[in-house]
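Visitor: Got a predicted structure plus its sequence, pasted below:
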Amino acid sequence: MKPTDAELEILHVLWTNGPSTVRQVLDQLSQSRDIGYTTALKLMQIMHEKGLLRRDEDARSHTYSAAVTQEETQRGLVDRFVETAFRGSASKLVMQVLGQHKTSREELDEIKRLLNDLNRDQ
């Protein structure tokens with residue numbers, strides 16, 4: 001399931017901070033954007049219905065946690081993006097990214113290691 005941009009923001013807060021109440025998520029989100037409590041609550045309720053969040057109802061304030069991992073979410077988003085924007089060509093995606101963004105020596109070394117590992121595995 002592909003989360004919306006707003007849902008991704010909430011997931012990032014939960015991935016970073018762990019289980020949180022709506023108020024705690026709102027406190028984090030409001031540092032970078034203007035969002036009201038009822039909007040955050042509604043989004044998190046919808047995410048719970050979609051299976052993106054788990055909700056612990058034991059406490060007075062419900063606590064939410066991510067029901068999906070950051071890795072599986074990123075993998076799904078990248079797979080869909082590669083299919084739709086680059087017609088399935090991972091190399092076109094990589095070339096576009098490397099051509100558009102400044103890449104550090106450390107990142108390039110990490111990419112080289114990944115490519116070497118992929119070559120060994122094949």
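Guide: All right, it came through fine.

Visitor: Past the strand or helix carrying I46, which element shows up next along the chain?
Guide: For I46, the host element (DSSP states H and E) is helix 37-50. Next in sequence after helix 37-50, counting helices and strands by DSSP H and E, comes strand 53-56.

Visitor: Give the partner strands of that following strand in its sheet and their orientations.
Guide: Using DSSP bridges, the strands paired with strand 53-56 in its sheet are strand 63-66 (antiparallel).

Visitor: Contacts for the partner strand next, please.
Guide: Applying Cβ atoms under 8 Å, 6 or more residues apart in numbering, the contact partners of strand 63-66 are 11, 14-15, 18-22, 25, 44, 47-48, 52-56. Quick note: C-beta positions are derived from backbone N, CA and C, even for glycine.

Visitor: Give the bridge partners for T63, please.
Guide: Counting by DSSP bridges, T63 is bridged to T21, D56.

Visitor: Give me the buried entries from the contacts of strand 63-66.
Guide: Among the contacts of strand 63-66, those buried by neighbour count (16 or more other Cβ atoms under 10 Å) are 11, 14-15, 20-22, 25, 44, 47, 52-53.

Visitor: quick one on the thing from earlier: quick one: buried residues of the helix holding I46?
Guide: Under 16+ other Cβ under 10 Å, the buried positions of helix 37-50 are 40-41, 43-44, 47.

Visitor: Stretch 80-94 now?
Guide: Neighbour counts over stretch 80-94 (16+ other Cβ under 10 Å) mark V82 as buried.

Visitor: Low-confidence regions, this structure specifically.
Guide: Per-residue confidence for the chain (pLDDT under 70) gives these ranges: 1.

Visitor: tell me the domain ranges of it?
Guide: 5-66, 89-122 (automatic domain parsing).

Visitor: Relative to R75, tell me which of these wins on proximity.
Guide: Among these, the nearest to R75 by Cβ to Cβ is domain 89-122 (12.4 Å).

Visitor: Okay, now the closest one: how far is its last residue from its first?
Guide: With Cα to Cα, to the nearest Å as the measure, domain 89-122 spans 18 Å from end to end.
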